[in-house]
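In: Prediction below, plus the sequence it came from.
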Amino acid sequence: MQCLVKHMSRIGNTAITIPQGVTVTVQEGFILVKGPKGELRENMQPSIEVSIADGIVRVSRKGEDKQVKSSHGLVRSLINNMIIGVTQGFEKRLEMVGTGYRAALQGTTLVLAVGFSHPVEVAQPQGITFAVDGNSKISIKGISKHDVGQIAANIRDIKPPEPYKGKGIKYEGEVVRRKAGKAVKAVGAATA
């Protein structure tokens, strides 16, 4: 007897419980999540169906082709991240390593001194807040996981850590793989 197993997305089939004070609404073409920290909106994929009943969000797919299967878990994760964002928010932390490398806030603008001839200024986008701890730790906070991660990556790209001395901007806890520098030969002065 042949066994037919229907493979399903483990992440996509997991129900999401809507916390107190959060509203999730599905409208034509997008999903809207409102909470104490703000509201987020995400476009819906036509092949994915989202249903809300009794404070629980369920995500299901309308087809079985590869593209639809791959977006099933993605849509569920996006909705879950939106709910976490409007209740708790997201944070990324960066560290600056190097002599003279400093970060400071001038109003809402982040000013970085990272070894260039000029300071680098990063404007604070809407929905994102910067904080500087000491003068070498940067905190990026917001309700959108994507936006927080993208801004943190953009700031890190200004001066990524180099592999010889590890100088640059890195994520907190990031381990930079180091390379050995070139060995200097001892030059003999005596030639007879």
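Out: Nice, I can see it.
In: Would you tell me which strand is longest in the protein?
Out: For the chain, the strand that runs over the most residues, judged by DSSP state E, is strand 90-97.
In: Neighbouring strands of it in the sheet, and parallel or not?
Out: Paired with strand 90-97 in the same sheet, following DSSP bridges, are strand 137-142 (antiparallel), strand 168-171 (antiparallel).
In: separation between the most centrally placed residue in the chain and residue 155?
Out: The centroid of the chain falls nearest to residue 149 when counting by C-alpha atoms, centre = their mean (2.5 Å). Plainly put, residue 149 is 11 Å away from residue 155 if you go by C-beta to C-beta, to the nearest Å. For every residue, glycine as well, the C-beta is placed using N, CA and C.
In: Got the phi and psi for residue 165?
Out: phi -110, psi -10 (degrees, to the nearest 10).
In: Report the contact partners of it.
Out: residue 98 (C-beta atoms under 8 Å, 6 or more residues apart in numbering).
In: quick one on the thing from earlier: including mean pLDDT, mean neighbour count and distance to residue 111, could the strands paired with strand 90-97 go into CSV?
Out: Converted to CSV, these look like this (pLDDT from 0 to 100; neighbours: other C-beta atoms under 10 Å; distance: least, C-beta to C-beta, whole Å):
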stretch, mean pLDDT, mean neighbour count, distance to residue 111
strand 137-142, 95, 20, 11
strand 168-171, 93, 19, 13
